[in-house]
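1. Just the structure for this:
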Amino acid sequence: MDKQILIDLVTKRMPFGKYKGKLLCDIPEHYLVWMHGQGFPEGKLGMWLHTLYEIRLNGLEDILRELRRNY
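-> Next comes the predicted model:
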């Protein structure tokens, strides 16, 4: 996994929708599950959200907590 993707998850903000302005890592799991069913957007945002979905699905949130302390 590219470390920059993980850094982006704790530094980039959601550009639209109900969670506009929230850090990507703060988007609730239920929204990621819904988006997984609808289809993630194209481009980097979709890749970031899909990665976040996989992190949550596999219980790896500790990775993001550690990074968040440093950024």
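
2. List the buried residues of stretch 61-71.
-> Residues of stretch 61-71 classed as buried by neighbour count (16 or more other Cβ atoms under 10 Å): 64, 67-68. Backbone N, C-alpha and C define where each C-beta goes, glycine included.

3. now, which of those residues sits nearest Lys3?
-> Leu67 (8.5 Å; Cβ to Cβ).

4. Run a quick check on that closest one versus Ile7, I expect a contact.
-> Yes. Judged on Cβ atoms under 8 Å, Leu67 makes contact with Ile7 at a distance of 6.3 Å.

5. So which residue is dead centre in this structure?
-> For the chain, the residue nearest the mean C-alpha position is Leu52 (3.7 Å; Cα atoms, centre = their mean).

6. got the contact list for it?
-> Leu52 makes contact with 9, 24-25, 27, 32 under the criterion Cβ atoms under 8 Å, 6 or more residues apart in numbering.

7. If anything else comes up later, I'll come back, but that's it for now.
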